[in-house]
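Engineer: Give me coordinates for this.
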Amino acid sequence: MAFDTSGIRLKPCVDLFSTEASRQDAGLEKIREIPLDQLVPFKDHPFKVIDDESMMDTVQSIREHGILLPLIARPMPDGKYEIVSGHRRSHAGKLAGLETVPVIVRELDDDAAVILMVDSNLQRENILPSERAFAFKMKLEAMKHQGQRADLTCGQVGHKLIGTKARDVLAEQVNESARNVQRYIRLTELLPELLDLVDERKLAFNSAVEVSYLNPEEQGWLAETIDSEQSTPSLSQAQRLKHFSQDGKLTEDMVLAIMSEQKKPETERVVLQSRQISQYFSPSATPKEMETSILSMLDTAKEWRSYFPEDSTLDDVNRRMRKVLEGMKRTKSRAPER
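Structural biologist: Residues are numbered from 1 along each chain as shown. Down below sits the predicted model:
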């Protein structure tokens, strides 16, 4: 009897003699030990690597336990590897005296690499306004570019990401309002010396956003005036500077005149988006109940302040507050619905 063998396809010889383990490994990313001198920073990496106390703690941890979380890098045409995630670990490894570090080598295009780089760094606890600003800008541009590519289907990127829609998606991912994302991105228009003042909390965020609308020459006048007057603009002063700039009437003398005025006390509103805090309350909680709980926690935080050393920072209190919020979240999950 003759058999029809047209539908039978034999595996290549190499498959027949390979082990199951090797076939599984072929589809998995592997961790490789790569010399530190073969690793280069990500182009225009917005996150600062500083030799602060946190870095020294990381160095000590690496000396004792090694690098537990591998870096992620992508191969470059010159044979080196561009770090996508792990710049701090790479630097700490150098300070700890390592010659090689564990790395996951991953093939990534520019847009995918930017998004992974930003997402992995935004998980950090303390991020400077300038870092957040450039990170948002880089990721938004990558998302827009991905949305315009014909080879990406809706299933791959959720939907076509163009313009305002991409900003809305980014806002949801980073737990910010779309307006706030745009305001952070405005900070990238500031001169470096003015942006440094924002990071140092000498120039208020809202004032900095208004100042970002000044052209580079006008910002230079303002930076010189801030240095000479040892004073940064209030929100109302920044708004006036922006107004005169947009009317084409701002001069160096006018900048000095506005900055020399007696500042009036200003009260800035603090607004918490309901979607940011609702996760910590039961679905049946009313806005008034949320407000009462938050004020109670702030009173508790005020009491805690007495338990902290005089040189404690607000971040120390914030970390304690986060633990309380997480406790509330767990309590909420156990509480019966009303």
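Engineer: what's the domain layout of the chain?
Structural biologist: What automatic domain parsing lists as the domains of the chain is 31-108, 112-186, 201-259, 285-307+315-338.
Engineer: okay, and for this protein, where does confidence drop off?
Structural biologist: 1-28, 148-164, 263-276, 278-279, 283-284, 300-338 (pLDDT under 70).
Engineer: any idea where the strands of it begin and end?
Structural biologist: 31-35, 39-40, 71-75, 81-85, 100-105 (DSSP state E).
Engineer: With L195 as the reference, name the closest of the domains of the chain.
Structural biologist: Set against L195 and scored by C-beta to C-beta, the domains of the chain come closest in domain 112-186, at 4.9 Å. Yep, even glycine has a C-beta here, placed from its N, CA and C like the rest.
Engineer: For the closest one, measure first residue to last.
Structural biologist: End-to-end distance of domain 112-186 (C-alpha to C-alpha, to the nearest Å): 23 Å.
Engineer: any chance of the domains of the chain in a markdown table, plus mean neighbour count and distance to I277?
Structural biologist: Shown next, in a markdown table, are the domains of the chain (neighbours: other C-beta atoms under 10 Å; distance: least, C-beta to C-beta, whole Å):
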| stretch | mean neighbour count | distance to I277 |
| --- | --- | --- |
| domain 31-108 | 16 | 27 |
| domain 112-186 | 17 | 11 |
| domain 201-259 | 17 | 20 |
| domain 285-307+315-338 | 12 | 6 |
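Engineer: could I get those as JSON lines with distance to L194?
Structural biologist: JSON lines is the format used below for the domains of the chain (distance: least, C-beta to C-beta, whole Å):
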{"stretch": "domain 31-108", "distance to L194": "16"}
{"stretch": "domain 112-186", "distance to L194": "10"}
{"stretch": "domain 201-259", "distance to L194": "6"}
{"stretch": "domain 285-307+315-338", "distance to L194": "24"}
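Engineer: Out of those, the one nearest E193 is which?
Structural biologist: Using C-beta to C-beta, the domains of the chain put domain 201-259 closest to E193, at 5.0 Å.
Engineer: What's the end-to-end length of that closest one?
Structural biologist: Start-to-end span of domain 201-259 (C-alpha to C-alpha) is 18 Å.
Engineer: what does stretch 277-297 give?
Structural biologist: 13 Å.
Engineer: From M55, how far off is the closest residue to K139 other than its chain neighbours?
Structural biologist: The shortest distance from K139 to any non-neighbouring residue, by C-beta to C-beta, 6 or more residues apart in numbering, is to V118 (4.3 Å). The gap separating V118 from M55 is 21 Å, by C-beta to C-beta, to the nearest Å.
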